[in-house]
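Colleague: Sequence and computational prediction follow.
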Amino acid sequence: MLFNSFEYLVFLPLVFCLYWFVSDRLKWQNALTVAASCVFYGWWDFRFLFLIAFTSLCSFFSGILIEREKAGGRSGTGIAVANVAVNLLVLGVFKYFDFFAESLAAAFSAFGVELHPVTLKLILPVGISFYTFQALSYTIDVHRGKLAATRDPVSFFAFICFFPQLVAGPIERATNLLPQFQKKRVFDYATAVDGTKQILWGLFKKMVVADNCADVVDKVWLGYPQHSSWTLAIAAILFAFQIYGDFSGYSDIAIGTGKLFGIRLMRNFDSPYFSRSVSEFWKRWHISLNTWFVDYVYIPLGGSREGRWKTLRNTFAIFLLSGLWHGANWTYVLWGLYHAALFLPSTLSGKRVKYADVVAGDSFLPSFRESFRMLSTFALVCFGWIVFRAGSLADFAGYVSCMFANAGVGDALPGRKAVFFALVLVAVEWVNRKREHAFAFHVRRVWLRWGIYLVTALLCLSQAGKQVQFIYFQF
Amino acid sequence: MKLYLRKLALISLLLVVLLAVLAFASRAVVVRGCSWKLPERVHVLFLGASHVEYAVDDSMMASAVNWARGSERYAYTYIKLSHLLEDNPRIDTVFLELAPTDLWADADDKYHKENEQSFYVANYWPFFSLAEWRIFAGEPLQAGRVVVANLLQADNVLRHDKWWKKMGGHENTFEEMDAAAAKWEPAESLGHGNAVNYGYLRKIVRLCEKRGVKLYFLETPTSHMERIYDIAYFRDAYRKNFSDVEFVDYSDWPMADDERKDPHHLNHRGAVRFTREIMERFHIR
């Protein structure tokens, strides 16, 4: 079920009313959450609910077994490793088997050995990377002793498959989300209003910004050799806004929906295109995934505490994994390596500027230096998005070479509407960059406040681009 | 909770009211601002869908206008024609496309949901009467969504050239058909024709009779690959339902591959030759 669909418009109020109707009984409320999540996911393909159930059951029982082992004086590492392996195996079979089989065959073919790889041609279950990582975080945290294993399967299933974030995150930590399902939720008016505003802003980002950009970007990519350098550059920039509007819009709707149900989901984006360095960008982009990799891969490998070369190795490791997490394609691997390479200068020189503050502080406009840093970071990120968007490495090479070679080609610059709404997005997010989300402002005059909401809703209805599935569903 | 639901209901209601107001205002702007007047010299019309859109080059004729548009269904053509005849009483001849796909077997699916019958709701809804709205009774959401999505696009009317282009016109293409690549897969058919399409074609026939306008059905030259459709069914449907209208059938008119855009449409070269033929045969200047 898509957030920007009529089905969801009916589904959400119905579940919301039922959820608070049974709010006196925690178990009923959690059971309703699980049932609603199954309907939400099953709307796409109910068969894959069994896969979620399998992942959930493995993690649920492994949590209990780990704790039992620990109580008996053992570490429980074997069980934790087994569960992580099973989860990764499921993910690997569904997502990566064909990719590695075909890549291996291609590698052998380069040496003149012809292999005929067995491929499974399986459908990629929506959101498998998201819920698998969420389940892994539970097992690891129980093993690390950060969290007590739960004995309540209903609250555990609610944690794994909570429908707002089931298919595209944020990837929640068990330490944050699970305890929320274990205690009584109380309806809070201010939180619900804030959640509704966040949903509205998320819909704007997805329907108006991302989908309008998608129209332009898809057309340009379809025949990129015929377009001018300017058009290709604009399409690359618009893709940056498409993916941001799409993914952060989804996250906003998910977090906003969570608030309606009294659940606080973690923040996933924090104005990433206002970053002054690539490292700052990664602290603000897809926060839930990046902190996951830092907590469960980077730090266990030694982080940045064991010298430059190990820091470099660890950086490349998490970006390589991050690239692969996004998809079974060499373009994602290259995208990950490209970002890891952007860390090279700061890692090798040992001079990494850490920005803890918000850009431009209390000023309305950034300084020249900040502007330059923001724009150069944005340019580097945009270049990375070209390889991310390309269907293959050949497409990437072709697109980039046309960007430089087609300077003399004359064609009309594309997508004025998309550019306009992308600028609106930048302006609104800039003004509200210190807030949790761009609609977290408070305007005292009711008519003005409601006017903003009505105009935004009207824009979502009237200016939306062609409905496109959320990009991150495929991951 | 009650306060939240009350406020949510209130703002939703306001949004609905705002949409309704915008819809009425937009309709008024479109209906008042749109001009159906054609130049005084024009007394012949070419209407229909993509076959005519590509095949008739009206720049070669002073007294005729081609206002066909790809995938246009007869409901829209009827609205267009009734306004054109109203505002241009000198029009005496209308050539209307009649292709196999227009009387196609089992066409309900082709014409409903997010496909051809819905294509031009955005342009024509301000001119809809209750009868036209009834076409979409089975898919009110789809039609509603298209209307809402176009509420803020009344600028089509304010920019006259844009409006005209949206409603139809000759499509000039220099593309050439790649005969080897063109697919020819016999389409499965059987079943019944689309009731809406048949109904509006009959309405067009009656309208022309009432106005004393000579109506011809026109099929433009198509390649043998057009025969993927059930031609026997098409001819039978014409004979049973519309044989009171003269059918100018050029479907088998010989043309070279380099005069076609694809198996179904002509390119510029083909359009020039075909238009010349029509001009000579019907004495159109």
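Modeller: Arrived safely, thanks for sending. Numbers count the residues shown, from 1 in each chain, chains lettered A, B, ... in the order given.
Colleague: C-alpha from now on. contacts and neighbour counts both.
Modeller: OK.
Colleague: the domain parsing of chain A - what is it?
Modeller: Here the domain parsing of chain A from automatic domain parsing is A:6-186, A:190-276+A:355-474.
Colleague: now these as JSON lines including mean neighbour count?
Modeller: Putting the domains of chain A into JSON lines (neighbours: other C-alpha atoms under 10 Å in any protein chain shown) gives the following:
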{"stretch": "domain A:6-186", "mean neighbour count": "18"}
{"stretch": "domain A:190-276+A:355-474", "mean neighbour count": "19"}
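Colleague: Pull the contacting residues for the residue in the stretch 201-350 of chain A that chain B sits nearest to.
Modeller: Of all residues in the stretch 201-350 of chain A, residue A:260 sits closest to chain B, at 10.4 Å by C-alpha to the nearest C-alpha. For residue A:260, the contact set (C-alpha atoms under 8 Å, 6 or more residues apart in numbering or on different chains) comprises A:16, A:191, A:192, A:193, A:195, A:196.
Colleague: related to what we said a few turns ago, how about a markdown table for the domains of chain A, with mean pLDDT added?
Modeller: Below are these laid out as a markdown table (pLDDT from 0 to 100):
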| stretch | mean pLDDT |
| --- | --- |
| domain A:6-186 | 88 |
| domain A:190-276+A:355-474 | 88 |
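Colleague: Work out for me the element residue A:221 sits within.
Modeller: Secondary structure assignment for residue A:221, by DSSP states H and E: helix A:211-222.
Colleague: For the stretch 51-200 of chain A, just list every one of the helices.
Modeller: A:77-91, A:97-110, A:128-144, A:153-161, A:163-166, A:174-181, A:189-203 (DSSP state H, counting those that start in this stretch).
Colleague: and chain B, which of those helices is closest to it?
Modeller: Closest of those to chain B is helix A:189-203, at 6.4 Å (criterion: C-alpha to the nearest C-alpha).
Colleague: Let me see the confidence value for the most centrally placed residue in chain A.
Modeller: Residue closest to the average C-alpha location in chain A (C-alpha atoms, centre = their mean): residue A:286, at 4.9 Å. Note on residue A:286: pLDDT of 92.
Colleague: which SSE is the nearest residue to it once chain neighbours are set aside in?
Modeller: Spatially, and ignoring its direct neighbours in sequence, residue A:286 is nearest to residue A:268 (5.1 Å; C-alpha to C-alpha, 6 or more residues apart in numbering or on different chains). Counting by DSSP H and E, no helix or strand carries residue A:268.
Colleague: again with residue A:376
Modeller: Going by DSSP H and E, residue A:376 is in helix A:368-389.
Colleague: So which elements touch that helix?
Modeller: Applying 3 or more C-alpha pairs under 8 Å, 6 or more residues apart in numbering or on different chains; DSSP states H and E, one finds that helix A:368-389 contacts helix A:229-260, helix A:278-284, helix A:330-342, helix A:393-405.
Colleague: hmm, 7 Å instead?
Modeller: helix A:229-260, helix A:330-342 (3 or more C-alpha pairs under 7 Å, 6 or more residues apart in numbering or on different chains; DSSP states H and E).
Colleague: Contacts for that helix next, please.
Modeller: Here helix A:368-389 makes contact (C-alpha atoms under 7 Å, 6 or more residues apart in numbering or on different chains) with A:236-237, A:240, A:273-278, A:331-332, A:335, A:338, A:396.
Colleague: can you put those in TSV and add distance to residue A:375?
Modeller: Formatted as TSV, these follow (distance: C-alpha to C-alpha, whole Å):
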residue	distance to residue A:375
A:236	14
A:237	12
A:240	13
A:273	9
A:274	8
A:275	9
A:276	8
A:277	10
A:278	11
A:331	24
A:332	24
A:335	20
A:338	18
A:396	22
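Colleague: Strands of chain B, residue ranges please.
Modeller: Using DSSP state E, the strands of chain B run over B:44-47, B:64-66, B:93-97, B:214-219, B:246-249.
Colleague: Strand B:93-97 and the fourth one, what's the angle between them?
Modeller: Orientation note: strand B:214-219 sits at an angle of 30 degrees relative to strand B:93-97 (axes from the mean of the first three to the mean of the last three C-alpha atoms, to 10 degrees).
Colleague: How about residue A:69: what's its closest non-neighbour residue?
Modeller: That would be residue A:76: by C-alpha to C-alpha, 6+ apart, it lies 5.2 Å from residue A:69.
Colleague: Tell me which of the helices and strands packed on helix A:368-389 lies nearest to residue B:258.
Modeller: For the helices and strands packed on helix A:368-389, the distance to residue B:258 is smallest for helix A:229-260, at 32.2 Å, taking C-alpha to C-alpha.
Colleague: Relative to the whole chain's centre, how far out is the closest one?
Modeller: Relative to the centre of its chain, helix A:229-260 is centred 10 Å away, using C-alpha atoms, centre = their mean, to the nearest Å.
Colleague: so which strand or helix has the residue of the stretch 301-450 of chain A found nearest chain B?
Modeller: Chain B sits closest to residue A:450 of the stretch 301-450 of chain A, with a gap of 7.7 Å, by C-alpha to the nearest C-alpha. Counting by DSSP H and E, the element that carries residue A:450 is helix A:446-462.
Colleague: packing partners for that helix?
Modeller: Going by 3+ C-alpha pairs under 7 Å, 6+ apart, helix A:446-462 lies up against helix B:140-149.
Colleague: quick one, phi psi at the residue lying closest to residue B:42 once chain neighbours are set aside?
Modeller: Nearest non-adjacent residue to residue B:42, counting by C-alpha to C-alpha, 6+ apart: residue B:63, 4.1 Å away. Note on residue B:63: its backbone torsions stand at phi -100, psi 10 [degrees, to the nearest 10].
Colleague: The nearest residue to residue B:4 once chain neighbours are set aside: neighbour count?
Modeller: Nearest-residue entry for residue B:4: residue A:189, 6.4 Å, with adjacent residues in sequence omitted and distances by C-alpha to C-alpha, 6+ apart. As a burial measure, residue A:189 scores 16 neighbours (other C-alpha atoms under 10 Å in any protein chain shown).
Colleague: repeat for residue A:349
Modeller: Neighbour tally, residue A:349, other C-alpha under 10 Å: 9.
Colleague: Does stretch B:5-17 reach chain A?
Modeller: Yes: for a cut-off given as C-alpha under 7 Å from any C-alpha of the partner chain, stretch B:5-17 has contacts with chain A, namely residue B:15.
Colleague: low-confidence ranges in chain B?
Modeller: B:104-118, B:139, B:141-142, B:145-146, B:149-194, B:225-229 (pLDDT under 70).
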